[in-house]
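In: Structure for this input, please:
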Amino acid sequence: MKLATYLSKHELSAREFSERLGVSAEAVRLYLSGARHPSPKVMRTIHEATNGDVMPNDFMDVAHPSDAAA
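Out: This is a model prediction of the structure:
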């Protein structure tokens, strides 16, 4: 799941989510826009904070196997 989808689904702002991660709201906005990828440490924190809904590959535009079946 993309980070933007997760935030929308859970009605969270970039600022609110940034507080959970311990990064700036600007960093989250850059992740959302694709202008910056999270570091491996932050990707791990995002994965944990989203209970596994957002995976590191979700930042890399890698298709999910279920998408290839279509």
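In: and residue 11, what does it touch?
Out: Applying Cβ atoms under 8 Å, 6 or more residues apart in numbering, one finds that residue 11 lies in contact with no residue. All C-beta atoms are positioned from the backbone trio N, CA, C, and that covers glycine.
In: Please, where are all the helices along the protein?
Out: For the chain, the helices defined by DSSP state H cover 3-9, 14-21, 25-33, 40-49, 65-68.
In: With only the CA atoms kept, save the first one in PDB.
Out: As requested, C-alpha coordinates have been extracted for helix 3-9 and formatted as PDB (Å, rounded to 0.1, in the frame of the first residue of the first chain):
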ATOM      1  CA  LEU A   3       1.900   5.800   2.100                       C
ATOM      2  CA  ALA A   4      -0.600   8.300   0.700                       C
ATOM      3  CA  THR A   5      -3.300   5.600   0.600                       C
ATOM      4  CA  TYR A   6      -2.500   4.600   4.200                       C
ATOM      5  CA  LEU A   7      -2.600   8.100   5.500                       C
ATOM      6  CA  SER A   8      -5.900   8.800   3.700                       C
ATOM      7  CA  LYS A   9      -7.400   5.500   4.900                       C
END
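In: Out of the helices of the chain, which gets the lowest mean score?
Out: Among these, helix 65-68 carries the lowest mean pLDDT, at a mean of 57.
In: Can you get me a residue count around residue 6?
Out: If you count neighbours by other Cβ atoms under 10 Å, residue 6 ends up with 18.
In: typo on my end, residue 53
Out: The local packing of residue 53 (other Cβ under 10 Å) involves 16 other residues.
In: Ok, residue 8 next?
Out: Using other Cβ under 10 Å, residue 8 has 10 other residues around it.
In: try the one 5 residues further on
Out: Here the neighbour count serves as a burial measure; for residue 13 (other Cβ under 10 Å) it reads 12.
In: is it true that it touches residue 7?
Out: Yes: between residue 13 and residue 7 there is a contact under Cβ atoms under 8 Å: 7.3 Å.
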